[in-house]
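Trainee: This is a predicted model, with the sequence first.
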Amino acid sequence: MRAPSHREVPTAPRTRRPHTGLGRVVVGLGIALAGAALAGRAMRPRPETGVHQKSIRRTRDGAAILGASVLFDSALEHLRGGFENRAMYVAPTMAAVSVAASLAEPGSGGRERGARLAHIVSLATGVIGTGFHLYNITKRPGGISWNNLFYAAPIGAPGALAVAGALGMSTEVLAAQPRNGRRNGRALAGLTGAFLLGETAEVALLHFRGAFHNPAMYLPVTVPTAAGIALISLALHPDGRDDRVARALLGTVGALGLLGTAFHIYGVGRNMGGWSNWRQNALVGPPTPAPISFTGLGLAGLAAVDLLQGTEDRR
């Protein structure tokens, strides 16, 4: 019996190697860029403390927090996917750029145009990313189904980058139109209220996947919904409306962002090996960077209420 030739020896099919090494480099550069932006913001002198300036700062900080949430969340989720598609580099990179643009103080000339362009591109990237995630869901067997909504690419995740871009653009408008604070406050309240409802829908879907096994999982579904409705109500009828309920709800939403991060850190630690096995558990456990986005939206909502009332924060 003759030995089979090399051409007859079966070989394993070739598979494309995930670009995890390059992905880590891109994510590392993005984190470094965000850190540089934070350091630059800290070294700048504190601006004046009028209502209008405070609202601009709150909105800008809210946009930066949302961008940071997207930066770390998309980095973890896309690293879990091995950065199989080169387009997966775009989200963390643009999120880092969004953070830097949001933390920059209002400037003039090229710096102002650069920040505005960064916000526009962040908004467009978030919208396009939502389309990519929707395609990822529909191409799977069963199309739009509970199973695919639960375990395919999270359909609402890229929207946070779009929201960060929208809030960043809002700061540009607020800075350019200091005399239109009340009108801009109504627009910001309506937008932030809608963003809160959209964010809550995504959280409700994922917590429903987890069967609301912890009663605390109802908090980020109910409180932000109430805050979003309160903001939209203020935007539609700003005269004669007491803002204390909206302020209390928005403050609670901001606190939930921090509390939710702590819960998710605890959830990661509950997996086998705990945080000593963080390389695996950080990818399979609850997304630790996601809840802080509520803090960003809470800040933007408080900025809108300040503009509507035209008074200093009364808390």
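Mentor: Yes, it's here.
Trainee: Pull the distance from stretch 289-307 to the chain's centre.
Mentor: Relative to the centre of its chain, stretch 289-307 is centred 11 Å away, using C-alpha atoms, centre = their mean, to the nearest Å.
Trainee: in it, what's buried?
Mentor: Neighbour-count burial for stretch 289-307 flags 289-307 (criterion: 16 or more other C-beta atoms under 10 Å). Using the backbone N, CA and C atoms, a C-beta is placed for each residue, glycine as well.
Trainee: before we move on, what about stretch 118-135?
Mentor: Buried-residue list, stretch 118-135, by 16+ other C-beta under 10 Å: 118-123, 125-126, 129-130, 133.
Trainee: Let me know the closest of the residues you listed to Arg183.
Mentor: His119 (20.2 Å; C-beta to C-beta).
Trainee: Name the nearest residue to that closest one, sequence neighbours excluded.
Mentor: Closest residue in space to His119, ignoring its immediate chain neighbours: Gly168 at 3.6 Å, by C-beta to C-beta, 6 or more residues apart in numbering.
Trainee: I'd assumed Ala162 was in contact with Val127.
Mentor: Yes - using C-beta atoms under 8 Å, Val127 is in contact with Ala162, at 5.4 Å.
Trainee: So what's the model's average confidence on the helix or strand where Thr192 lies?
Mentor: In the assignment (DSSP states H and E), Thr192 maps to helix 181-209. Average pLDDT, helix 181-209: 93.
Trainee: likewise stretch 267-284?
Mentor: Mean predicted confidence for stretch 267-284 is 84.
Trainee: Kindly check the end-to-end length of it for me.
Mentor: 10 Å (C-alpha to C-alpha, to the nearest Å).
Trainee: List the contacts of the nearest residue to Gly185 once chain neighbours are set aside.
Mentor: Distance criterion C-beta to C-beta, 6+ apart; nearest residue to Gly185, sequence neighbours excluded, is Leu307 at 2.8 Å. Leu307 makes contact with 51-52, 55, 174, 181-182, 184-185, 188, according to C-beta atoms under 8 Å, 6 or more residues apart in numbering.
Trainee: ok, now how distant is the nearest residue to Asp61 once chain neighbours are set aside from Thr222?
Mentor: Spatial nearest neighbour of Asp61, chain neighbours left out: Leu299 (5.5 Å); criterion: C-beta to C-beta, 6+ apart. Distance from Leu299 to Thr222, counting by C-beta to C-beta, to the nearest Å: 20 Å.
Trainee: Check Leu297 too.
Mentor: 15 Å.
Trainee: And Ala87, by the same measure?
Mentor: Distance from Ala87 to Thr222, by C-beta to C-beta: 35 Å.
Trainee: What of Ile144?
Mentor: 26 Å.
Trainee: same question, Tyr135
Mentor: 32 Å.
Trainee: again, but for Val90
Mentor: Val90 is 34 Å from Thr222, where distance means C-beta to C-beta.
Trainee: So if I had to pick from these two, which one is more boxed in?
Mentor: Comparing Val90 with Thr222 by other C-beta atoms under 10 Å, the one with more neighbours is Val90, at 20 against 11.
Trainee: Excluding sequence neighbours, find me the nearest residue to that one.
Mentor: Using C-beta to C-beta, 6+ apart, the nearest residue to Val90 is Thr125, at 6.1 Å.
Trainee: for Arg209, same thing?
Mentor: Closest to Arg209 by C-beta to C-beta, 6+ apart is Phe150, at 4.5 Å.
Trainee: Name the residues that touch stretch 282-290?
Mentor: With C-beta under 8 Å, 6+ apart, stretch 282-290 has contacts from 68-69, 71-73, 76-77, 79-80, 260-261, 263-265, 267-268, 270-271.
Trainee: let's go with 10 Å and repeat that
Mentor: Applying C-beta atoms under 10 Å, 6 or more residues apart in numbering, the external contacts of stretch 282-290 come out as 68-77, 79-81, 154, 157, 160, 199, 202-203, 206-207, 210, 220, 257, 260-272, 275, 277-278.
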